[in-house]
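Engineer: Give me the fold of what follows.
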Amino acid sequence: MMNKINISLFLFILFFYNLINYSNSTFEINNFDSTSCQWLCGKAGSYLECPNTTNNFIYASGECGSGSNADCAKSSCSSSSSTYHALQCCQTTILNQFEDLDEAPKTSPDNWQCGGYGQYLQCPQNQAIVGSCQSGKDHDCKNGPCSSTNAWHSIRCSGGELFNSTDCFWQCGRYGDYLTCPQDFILTGTCASGKESDCTNGPCAVSDSWTAARCCRNLWSPVYPGLKVTFQQSLFDELTSKITPLIEKKLMETSFPPITGVTDIFLIGNVDWTISNLKFTNLNFDQNSLKIVAGDGLIFQVSNGGGKMVCDWKVKQENWPHASDSGSATITISKLSLTLKTGVHSENERIAIQILDLNLDLGHLDIDVDTFLGWVIDLFLEIFNGVIKSVVENVVVSILRIAFDEIDQVLQKIPNIIPLGPIEFDVSIPYGPVSSSKLYFMTPTIASFYPTSNPQPSPYQPVALPDNETSNMVNILVSEAMLNSFTYSLYKSGVLSLTLDPSNSSHLTNTDDWKLIVPELSESYPNTPIDFQVVVTQTPQITIATTGGSLELISDWNYYVISSNGNSRTLVLTLEATASGGLDFFIIQNATTGQNILVGNITSLSFNFAQKYSTIGRINLAFVNSAIKIAIGTILAIVNPFLTNHGIPLPSLNFLTFPQPNFIYKQHYFAIVGNVQINGRTLIQKLNLNE
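Structural biologist: Numbers count the residues shown, from 1 in each chain. Sure, this is the predicted structure:
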């Protein structure tokens with residue numbers, strides 16, 4: 001059962017060598033800065049190549065390929081009407097990592113790889129593309145380096161231990177699409193077609209893939225988390241009042257073993273003694289604090305604490321007259337101090353904690369012993385301020401160390417990947433949490449989604465998020481890239497497509513149902529059963545700006561007429577629908593687990609239709625657009641429940657609740673900020689302690 005909380009937020013480059021047209025190359029490498037990129041445009045069969053430099057580290061990061069025509073003669077190559085092929089090269093930021101260039105890795109390009117149409121070519125591990133060739137409808141790359149083969153396309157690779165071959169993904173495109181890798185990613189593989197869409201047999205196994213580009217992260221590039229959670233010192237101040245009783249309770253549950261010894265008492269001689277049933281009956285950490293330690297983690301300190309202990313005792317004189325006695329004793333503790341300093345870091349891409357400093361001093365002890373023997377009192381003063389005090393302090397320190405080891409073991413068992421049906425959520429930690437001198441504690445999270453069937457990184461990379469946004473107790477910074485990786489994964493998983501047919505719906509499955517929206521359909525096929533299919537054709541784009549959030553979704557609305565015998569269906573109409581609208585999102589909380597989940601609704605929606613395919617003549621699109629505008633309410637009634645049921649889990653501590661968080665919208669990210677309430681009862685249960 002989900003309980004809605006009344007909050008909202010807004011979801012979801014260079015010089016080229018052309019071996020055939022060398023004299024036409026006009027690229028100036030001196031124009032580069034650390035982010036410079038430039039495109040080179042080539043004819044069919046042109047070998048385009050980035051400069052072969054030693055220390056400039058210039059690699060390809062984008063490409064365009066054609067079909068039968070010069071389909072790349074647009075965009076960056078619009079000035080050349082014969083552009084069949086384009087390659088983008090960029091200077092990487094690798095050199096920024098070396099104070100001495102002689103320490104930087106040296107590279108030289110490998111031989112060319114030659115391939116046929118529809119063949120996926122890929123660089124060796126940790127190398128990237130520095131040159132390529134592509135064809136039109138014929139094998140035009142058979143000249144030059146690939147003259148010994150009937151090559152349709154080719155690539156040349158270079159590098160060495162510069163790129164992460166595991167953090168890679170494929171982009172898929174049609175003829176004329178300019179495919180570019182995100183910032184800090186490099187081109188490491190391609191696929192090219194002839195006159196057909198030939199790249200449908202590999203990573204781009206979809207019906208309309210003519211080109212493909214494989215992008216891998218530059219090892220020297222920074223890793224930006226998609227989500228950051230920051231806790232202010234004020235939260236830890238509030239948390240202290242909840243944690244202190246738990247530590248007191250934990251220590252009061254301490255079980256001490258019997259302690260025995262022999263002590264030489266003046267004029268009495270050796271005395272055997274036993275202390276048993278030693279335990280705390282009361283502890284008071286009146287002056288306590290939980291503070292952020294810059295660069296380390298947290299420190300919990302107690303000063304001027306107090307309490308009481310009780311025990312049973314037995315003593316026996318070894319020599320004549322062998323006097324013995326037994327009884328109980330009460331020990332009053334004052335000026336107790338405790339220091340517990342923890343370090344927080346990243347281990348196995350998870351949060352890990354360790355004790356950096358742990359010290360307990362019981363302070364001053366006043367002892368009340370029920371005995372008539374004065375030397376017994378002297379004995380207790382000696383052993384309790386010596387041996388017993390040391391044993392108690394060591395046992396308590398050991399218990400606290402074990403408890404923190406158990407907490408760390410629990411943290412190490414937290415999964416890095418959370419399965420969410422057809423997709424999965426990467427919540428691994430890219431680097432250690434930050435304890436700032438500005439008194440905040442920040443935990444970064446990769447926070448990216450992948451399709452479960454093909455868990456490769458999405459093409460959306462976060463901007464550099466600040467560590468902190470406000471002085472509120474909690475700041476949750478959510479990147480636009482995280483939201484788009486979510487919609488990307490849903491799109492790649494196929495869950496954004498919808499098919500209605502007479503077997504599963506009584507609505508929109510007859511041509512007459514569309515009479516008011518697409519009258520041409522019912523006029524051509526009156527009262528005829530249809531399959532209506534909505535296919536999202538690209539990743540829905542979520543944009544976060546200072547003014548709020550927005551969504552754009554492009555889909556094909558396909559209408560299939562079903563034959564009279566029901567054995568076949570025929571596509572008669574495809575309308576391309578571009579929908580855009582504002583986003584209004586909520587956080588809902590799972591009442592059982594306490595998990596905070598980011599879900600959304602579309603608050604405003606507009607459609608623009610274009611005719612993509614038709615066997616029933618030209619459609620009056622103005623009429624369609626007007627009719628759909630009237631039906632917006634019905635459409636939202638279908639879409640919004642879907643969005644609500646496909647939310648994004650946020651990092652949650654179920655003993656913390658957000659009563660009234662605020663939302664701050666920035667370019668490409670938003671922040672959820674606010675003060676929290678701490679539920680002590682739930683915290684106790686979370687730590688498996690009895691009240």
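Engineer: quick one: the strands in the stretch 501-650 of the chain?
Structural biologist: 530-536, 541-545, 548-562, 569-590, 596-614, 648-649 (DSSP state E, counting those that start in this stretch).
Engineer: wait, I meant the stretch 201-350 of the chain
Structural biologist: Under DSSP E, counting those that start in this stretch, the stretch 201-350 of the chain gives strands at 211-218, 227-232, 259-265, 269-284, 287-293, 297-317, 324-347, 350-361.
Engineer: still on that earlier bit, could the strands of the stretch 501-650 of the chain go into JSON lines alongside mean pLDDT?
Structural biologist: Shown next, in JSON lines, are those (pLDDT from 0 to 100):
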{"stretch": "strand 530-536", "mean pLDDT": "94"}
{"stretch": "strand 541-545", "mean pLDDT": "92"}
{"stretch": "strand 548-562", "mean pLDDT": "92"}
{"stretch": "strand 569-590", "mean pLDDT": "84"}
{"stretch": "strand 596-614", "mean pLDDT": "82"}
{"stretch": "strand 648-649", "mean pLDDT": "71"}
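Engineer: okay if I get the ones you listed as CSV plus mean neighbour count and distance to A352?
Structural biologist: All C-beta atoms are positioned from the backbone trio N, CA, C, and that covers glycine. CSV is the format used below for the strands of the stretch 501-650 of the chain (neighbours: other CB atoms under 10 Å; distance: least, CB to CB, whole Å):
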stretch, mean neighbour count, distance to A352
strand 530-536, 19, 40
strand 541-545, 20, 32
strand 548-562, 20, 35
strand 569-590, 19, 27
strand 596-614, 18, 23
strand 648-649, 19, 22
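Engineer: Just put those strands in JSON lines and tack on distance to L465.
Structural biologist: Output for these, formatted as JSON lines (distance: least, CB to CB, whole Å):
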{"stretch": "strand 530-536", "distance to L465": "28"}
{"stretch": "strand 541-545", "distance to L465": "12"}
{"stretch": "strand 548-562", "distance to L465": "16"}
{"stretch": "strand 569-590", "distance to L465": "18"}
{"stretch": "strand 596-614", "distance to L465": "16"}
{"stretch": "strand 648-649", "distance to L465": "16"}
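Engineer: Nearest to S479, out of the ones you listed?
Structural biologist: Nearest to S479, of all the strands of the stretch 501-650 of the chain, is strand 541-545, at 8.1 Å by CB to CB.
Engineer: Report all helices and strands that that closest one contacts.
Structural biologist: helix 480-493, strand 548-562, strand 662-666 (3 or more CB pairs under 8 Å, 6 or more residues apart in numbering; DSSP states H and E).
Engineer: Looking at the ones you listed, spot the one closest to G386.
Structural biologist: strand 662-666 (56.9 Å).
Engineer: can you pull the buried residues of the closest one?
Structural biologist: For strand 662-666, a neighbour-count test (16 or more other CB atoms under 10 Å) marks 663-664, 666 as buried.
Engineer: In CSV, list the C-alpha atoms belonging to that strand.
Structural biologist: Written as CSV, here are the backbone C-alpha positions of strand 662-666 (Å, rounded to 0.1, in the frame of the first residue of the first chain):
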residue,chain,number,x,y,z
ASN,A,662,11.0,21.5,-0.8
PHE,A,663,12.2,21.3,-4.4
ILE,A,664,14.9,23.4,-6.0
TYR,A,665,15.2,23.1,-9.8
LYS,A,666,18.6,23.7,-11.5
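Engineer: so what secondary structure elements neighbour the very next helix or strand once past that strand?
Structural biologist: Next helix or strand after strand 662-666 toward the C-terminus (DSSP states H and E): strand 669-674. Under the contact definition 3+ CB pairs under 8 Å, 6+ apart, strand 669-674 sits against strand 2-9, strand 474-479, strand 662-666.
Engineer: Show me what the shortest one is packed up against.
Structural biologist: Just to be clear, that refers to strand 662-666. Using 3+ CB pairs under 8 Å, 6+ apart, strand 662-666 is in contact with strand 2-9, strand 541-545, strand 669-674.
Engineer: For it, what is the distance to the chain centroid?
Structural biologist: 20 Å (CA atoms, centre = their mean, to the nearest Å).
Engineer: Could you check the angle it makes with helix 480-493?
Structural biologist: Strand 662-666 and helix 480-493 are oriented at 90 degrees to each other (axes from the mean of the first three to the mean of the last three CA atoms, to 10 degrees).
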